[in-house]
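Student: Build me a model:
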Amino acid sequence: MGLLWLCACLYRAAKLRLCADGGANRLYDDFPLFFPHQCPSEVRNRYKPDVIKGDMDSVRGDVLDFYKNMGTKILNKSEDQDTTDLHKCVTYIKDSTLDQEKSNLCILVAGALGGRFDHEMGNINVLYRFSTIRIVLLSDDCLIHLLPRTHQHEIHIQSSVEGPHCGLIPIGMPSGMTTTSGLEWDLNDTEMRFGGLVSTSNLVKQDKITVQSDSDLLWTISLKKK
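Tutor: You can find the predicted model right below:
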């Protein structure tokens, strides 16, 4: 119920709401369960997506027809098999955002983790392919986003909803030097690589975490259950 609760809280604040192909099935099926005393059709209309985009190999026909009748834009990109459905959706958001707003753009991706491992890795790859855009992958248990090596990062912890468990993961290339502050076990020009040290099961100790690294890192932190 944690991720569903979070999605419901964030949905109305979002400027643009997209479903990546079969994600529309989960929106259609799961959101009425969060409002058991309300008419399912009213809930689905209130939380309908603006766009459904993907190769359309997973979304059900009844779901597609329902949202199409509700005014949702349907973008069938079945001719493109070289990018994932999430990649297609991020491209749409990027192209729909004014240049002056791109620096403040933040994309939250619900249900991006916890399923098939190849899908998870494909979603993580999207973080790297759009490294100049802040993209946050959400699951019931945690969130993940990329920390590009081009910046020193300040991460402000919302302790009411996240933490204390966290990690810094070097994927794609080793980290020769990573330095942090605000963690239980801070790194000091520490080398990290698969086959060696990786900072997992760390703990946040302060409301502000700083990270500086010579390679891109994945930041992950646990989410608290409601």
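
Student: residues making contact with the helix or strand M177 falls within?
Tutor: If you go by DSSP states H and E, M177 is part of strand 175-181. By CB atoms under 8 Å, 6 or more residues apart in numbering, the residues outside strand 175-181 that reach it are 168, 170, 186-193, 199, 206, 209-215, 217. Quick note: C-beta positions are derived from backbone N, CA and C, even for glycine.

Student: C-alpha coordinates for it, PDB please?
Tutor: Coordinates of each C-alpha in strand 175-181 appear next as PDB, following Å, rounded to 0.1, in the frame of the first residue of the first chain:
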ATOM      1  CA  SER A 175      34.600   5.000  -8.600                       C
ATOM      2  CA  GLY A 176      38.300   5.800  -7.900                       C
ATOM      3  CA  MET A 177      37.500   8.400  -5.200                       C
ATOM      4  CA  THR A 178      34.200   9.100  -3.400                       C
ATOM      5  CA  THR A 179      33.800  11.400  -0.400                       C
ATOM      6  CA  THR A 180      30.700  11.800   1.700                       C
ATOM      7  CA  SER A 181      29.400  13.600   4.800                       C
END
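
Student: So which residue is dead centre in this structure?
Tutor: L137 (1.8 Å; CA atoms, centre = their mean).

Student: who's in contact with the residue nearest to D50 when sequence neighbours are not counted?
Tutor: Excluding the flanking residues, the one nearest D50 by CB to CB, 6 or more residues apart in numbering is R17, at 5.0 Å. By CB under 8 Å, 6+ apart, the contact set of R17 is 11, 48-51.

Student: Out of those, which sit inside strands?
Tutor: Those of the contacts of R17 mapping onto strands are V51, per DSSP state E.

Student: pLDDT-wise, what's the bottom of the contacts of R17?
Tutor: By pLDDT, Y11 ranks lowest within the contacts of R17, coming in at 78.

Student: Pop the domain breakdown of the protein in here.
Tutor: In terms of domains, the chain is parsed into 1-140, 150-225 (source: the TED database).

Student: Compare the ones you listed and say which comes out lowest on pLDDT.
Tutor: domain 1-140 (a mean of 87).

Student: all strands of this structure, in order?
Tutor: Going by DSSP E, the chain shows strands at 18-20, 51-54, 73-76, 106-110, 134-138, 142-147, 153-156, 162-169, 175-181, 190-192, 199-203, 208-213, 217-223.

Student: Endpoint to endpoint, stretch 95-105 covers what distance?
Tutor: Using CA to CA, to the nearest Å, one end of stretch 95-105 lies 12 Å from the other.

Student: Check stretch 99-119 too.
Tutor: Start to finish, the residues bounding stretch 99-119 are 30 Å apart (CA to CA).

Student: Next, the buried residues of that stretch.
Tutor: For stretch 99-119, a neighbour-count test (16 or more other CB atoms under 10 Å) marks 105, 107-113, 119 as buried.

Student: same check, this time on stretch 210-221
Tutor: Buried residues in stretch 210-221, counting neighbours by 16+ other CB under 10 Å, are found at 211-213, 215-221.
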